[in-house]
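*Asks:* Below is the sequence, then the predicted model.
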2 protein chains.
Amino acid sequence: MKNNLSVLVVEDSLIFSEGMELILKQHTAIKEVYTAHNLKDTIARIRKTAIDIIFLDLNFETKEYDGFTIAKKVKEQQEAIKIIVLTQYARVYVYEKLFKECKVDAYLDKQLGTNELFLALEKVMQGEIYINSNIESIMNIKKWWKISKREKQVVPLLVQGYTQKEVADRLNISARTVENHITSIMRKLEVKNSVELAAKYVLYVNGNRENLEGGLSPF
Amino acid sequence: MKNNLSVLVVEDSLIFSEGMELILKQHTAIKEVYTAHNLKDTIARIRKTAIDIIFLDLNFETKEYDGFTIAKKVKEQQEAIKIIVLTQYARVYVYEKLFKECKVDAYLDKQLGTNELFLALEKVMQGEIYINSNIESIMNIKKWWKISKREKQVVPLLVQGYTQKEVADRLNISARTVENHITSIMRKLEVKNSVELAAKYVLYVNGNRENLEGGLSPF
DNA sequence: TAGGAAATAGGTAAATTCCCCTAAAAATCA
DNA sequence: TGATTTTTAGGGGAATTTACCTATTTCCTA
């Protein structure tokens, strides 16, 4: 591995970027740590300086762009730059977008230690893809990839508490067709009924944080 | 407001605590910023130094204690110390525990800006309770407070895809009783059916991060 | 200790979901 | 273009959920 890496932290929250900088500087292979707080500064930096790795947040205050936009723009201009995505809210469905569309190299939950941060850095510099998530999560996303376009329209409505008939009315199709879609979805996701489907959907959309926050259980 | 505040950051992640320290030092009313990375250091610090405010994380690597434990211990010993809880995963059900049991003074999601951090600090020093969450979330928690002990046992089973009959078998009660419990829960939570109930439950347990991460929608 | 939930369980009937099929038009893709 | 998948829709029937009821026992709290 190179031992004079130039890294760039792209993150609009000061609290986090200042901390990141201090940590990254402790790694012996890192020569220089730059910071950018928005899209414009990021692009300016990669043009001016030879950057090896970008640590990129997905959340930005502005609605004009987000981490996805930045990742794509960076890879368009300089494909060789490795991108490690850091995100506070590890929602499973973002994986697809990140790896297929944005070509990022690693995905890390911000609730991470210095060790894991450096491990990701080393893996990525060796050309590997790194994800700090459990296998189960990955398996669950793959199930959702099988869900068709129309099926994806049915689920949110069902989960809001609409009956199959009501969903049918909203989509201007037969209740029978909706029933078939739901059956198909349940088979693909390997769930027993609509109730379990609703739970799985919310986990998928909203992220699963089981075993976090001290393993607290609400009931 | 006092203008020579001593604050303590209790947080085991270096990345975050280093950043927090830098930010807090920028506030004119803050005289001194201390850091503690575990329960022992926290208690030692409040005994040695007169602390006004603690910024407390809920997540700790260890399973021996968590933010809740620390908050309780601190308030037991020195009730006057204000506690501002910072958490990465804003799960709604923790509110109850935090405010009723641990007597914390503020609750902030880590995805916050400097402004909000300082606003919370000022509100808390004026003796107010501060929560950076929307009213809807609060209303939704209150609905869950009405759910009885037995009802709380039924919900997780139902959400796992078990039928009312199967839930009844597991709890060794009549299917009819389970049915009554579910009806009661649906009325209390104002949901239309079990499917919507499942969705609400997962949101409640796992936290709602709608409108975060750039308002991305999966479908 | 009296009142009020909570937990228990049932009757009846309607509404809804779920299952196992078939089948054709439309869209997609190789 | 030919093959595959998606979307559409239905028949028939079983299983399940939901809606309104009543009613007893237990438990908790003011």
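*Replies:* Noted; the coordinates are in hand.
*Asks:* what about A:Lys73, how many neighbours?
*Replies:* Other residues near A:Lys73 number 16, with proximity taken as other Cβ atoms under 10 Å in any protein chain shown. C-betas here are computed from N, CA, C, even on glycine.
*Asks:* What of the one 5 residues further on?
*Replies:* Residues contacting A:Gln78 under the criterion other Cβ under 10 Å number 13.
*Asks:* And chain B, is whichever helix or strand A:Ile23 is part of touching that?
*Replies:* Element membership for A:Ile23 (DSSP states H and E) is helix A:14-24. Yes: under the criterion of Cβ under 8 Å from any Cβ of the partner chain, helix A:14-24 makes contact with chain B via A:Leu14, A:Ile15, A:Phe16, A:Ser17, A:Glu18, A:Gly19, A:Met20, A:Leu22, A:Ile23.
*Asks:* Hmm, which of the residues you listed is lowest in pLDDT?
*Replies:* Scanning the residues of helix A:14-24 next to chain B for pLDDT, the low point is A:Ile15. It has 76.
*Asks:* picking up where we left off before, tell me how far the helix holding A:Ile23 is from the chain's mean position?
*Replies:* Computed by Cα atoms, centre = their mean, to the nearest Å, the chain-centroid distance of helix A:14-24 equals 21 Å.
*Asks:* got it, and stretch A:167-186?
*Replies:* Centroid displacement of stretch A:167-186 relative to its chain, using Cα atoms, centre = their mean, is 30 Å.
*Asks:* what's the average pLDDT for that stretch?
*Replies:* Averaging pLDDT along stretch A:167-186 gives 95.
*Asks:* Counting neighbours, which bits of that stretch end up buried?
*Replies:* Using 16 or more other Cβ atoms under 10 Å in any protein chain shown as the test for burial, stretch A:167-186 gives A:Val167, A:Ala168, A:Ile173, A:Val178, A:His181, A:Ile182, A:Ser184, A:Ile185, A:Met186.
*Asks:* Reformat the residues you listed as CSV; add distance to A:Lys72 and secondary structure.
*Replies:* Output for those, formatted as CSV (distance: Cβ to Cβ, whole Å; DSSP: H, G, I helix; E, B strand; the rest coil):
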residue, distance to A:Lys72, secondary structure
A:Val167, 34, helix
A:Ala168, 38, helix
A:Ile173, 35, coil
A:Val178, 36, helix
A:His181, 32, helix
A:Ile182, 35, helix
A:Ser184, 33, helix
A:Ile185, 30, helix
A:Met186, 35, helix
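*Asks:* farthest pair in these?
*Replies:* For the buried residues of stretch A:167-186, the farthest-apart pair by Cβ to Cβ is A:Ile173 and A:Met186; their separation is 18.1 Å.
*Asks:* thinking again about what came up before, out of the residues of helix A:14-24 next to chain B, which comes closest to B:Lys103?
*Replies:* Distances from B:Lys103 to the residues of helix A:14-24 next to chain B, taken by Cβ to Cβ, are shortest for A:Ile15, at 25.4 Å.
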